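1. Show me the folded form of this:
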Amino acid sequence: MVEEYDYLCKVIIIGDNEVGKATLFKYLNKLLSKEYDQRALERVEEIKKGLDKKIDDYLILRGNTRRRIKRKVISHKIDKLIERKTTLEQNTHTSSNISTMLTNGLDLSHINVKFGGNTVKLQIWILSTQERFRSMFPMFIRGSLGAIIIYDITNLSSLNRISEWCETIRENCRNIPIILVGNKLDLEDLREVSIEQAIKIKAEDKISDFLEISVKTGEKVEIMFERFTQLLMT
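-> You can find the predicted model right below:
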C-alpha cells in the first residue's frame with residue numbers, strides 16, 4: 001500500500017536519557033500500527049468483497065450444473081476461495097516497537113499531520129544522547145527542518161544541556177524551528193521544573209515554542225505535533 005502525503009519534513013527529537021524518548025517512540029509506533037491496520041483492513045475488505053462475488057457466482061453455476069464431475073470441480077474452486085478469504089482474515093500486521101537506539105544511537109518513526117488541507121509527514125529521528133554517539137550528531141541532525149528538545153518536568157538536571165543542543169542544532173541546520181517540551185505532565189505532584197523556568201530558557205535560547213505533555217497518557221502529544229507542523233509550514 002502506497003502512503004500518501006503532500007510534504008515530507010525531517011524532524012529530530014533530542015533530550016537526556018529517561019525524559020521519555022523511548023516512550024514517545026512506542027507511542028508513535030502504536031499510532032502507526034493503528035493507521036496501517038486501518039488501511040490494511042480497507043484493502044482486505046475490498047479483496048473479500050471480490051472473493052465473495054466469485055463464490056456467489058460459482059454457487060449459482062454449481063446449482064445450474066447437473067454433471068457430477070463438473071459440480072465437484074466447482075466445489076473445489078469454492079473451497080479454495082473460502083480458504084483464501086479465511087487466510088486474509090487471519091493475517092494481521094503489527095508495527096515493531098523494538099528500539100535500535102542502544103545499538104545505533106537512533107530510533108526512526110513518523111507521524112502524519114493535517115495542515116491547511118494537506119498531509120504533512122513528519123519523519124522523526126529520535127537521537128540518543130549517550131556520549132558514544134556524540135560524534136554522529138552532525139550526521140543525524142543535517143537536513144532537519146525542525147527540532148524538538150524534551151526535558152523531564154520532574155528532573156531539574158534534564159534542563160542542563162538544552163543550550164548546548166540548541167547550539168549544535170543551529171551549527172548544522174541554521175535557524176530551524178525548535179520547540180521545548182516538558183514531559184511527564186502526569187507526574188505533576190513530583191514537579192521540579194516550573195513553567196516559568198522553562199519559559200525563561202525558551203527566551204534565552206531563542207526557542208520557537210514551549211509546551212508540556214504526557215507521553216504516558218498521550219495528553220497534548222498530538223497537539224505538540226500540530227503546533228510543530230504549523231511552525232514548519234509557516
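
2. When you work out contacts or count neighbours from here on, use the C-alpha atoms and nothing else.
-> OK.

3. For this structure, give me the ranges with low pLDDT.
-> For the chain, applying pLDDT under 70 flags the ranges 1-3, 32-45, 85-86, 88-103.

4. Would you mind splitting it into its domains for me?
-> What automatic domain parsing lists as the domains of the chain is 7-36+97-233, 38-90.

5. so Asn17 is in which element?
-> For Asn17, there is no enclosing helix or strand under DSSP states H and E.

6. so how many other residues sit close to it?
-> 15 (other C-alpha atoms under 10 Å).

7. would you list every one of the strands in the protein?
-> Ranges of strands in the chain, per DSSP state E, are 7-15, 106-115, 118-127, 146-152, 178-183, 209-212.

8. picking that back up, out of the domains of the chain, deepest packed?
-> Scoring these by mean neighbour count under mean count of other C-alpha atoms under 10 Å gives domain 7-36+97-233 as the most buried, with a mean of 17.

9. Can you give me the first-to-last residue distance of that domain?
-> Terminal residues of domain 7-36+97-233 are spaced 9 Å apart (C-alpha to C-alpha, to the nearest Å).

10. could the strands of the chain go into TSV alongside distance to Ile55?
-> Formatted as TSV, these follow (distance: least, C-alpha to C-alpha, whole Å):
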stretch	distance to Ile55
strand 7-15	42
strand 106-115	38
strand 118-127	39
strand 146-152	53
strand 178-183	54
strand 209-212	55
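
11. so which of those comes closest to Glu222?
-> Nearest to Glu222, of all the strands of the chain, is strand 106-115, at 8.6 Å by C-alpha to C-alpha.

12. which residues make contact with stretch 194-202 from outside it?
-> Under the contact criterion C-alpha atoms under 8 Å, 6 or more residues apart in numbering, stretch 194-202 has outside partners Ile153, Leu180, Ile207, Ser208, Asp209, Phe210.

13. How about the contacts made by the last one?
-> It stands for Phe210. Ile179, Leu180, Val181, Gly182, Ala198, Ile199, Lys202.

14. and which of those residues is nearest Val19?
-> So of the contacts of Phe210, ranked by how close each gets to Val19 (C-alpha to C-alpha), first place is Gly182, at 8.6 Å.

15. Once you drop chain neighbours, what's closest to the closest one?
-> Glu212 (4.4 Å; C-alpha to C-alpha, 6 or more residues apart in numbering).

16. can you check His110 too?
-> Nearest one to His110, counting by C-alpha to C-alpha, 6+ apart, is Gln123 at 4.6 Å.

17. Now do the contacts for the one you found.
-> Gln123 neighbours (C-alpha under 8 Å, 6+ apart): Leu8, Cys9, Lys10, Val11, Leu108, Ser109, His110, Ile111.

18. Those residues: which two are farthest apart?
-> Leu8 and Leu108 (14.2 Å).

19. distance of Gly20 from Ile124?
-> From Gly20 to Ile124 the distance is 15 Å (C-alpha to C-alpha).
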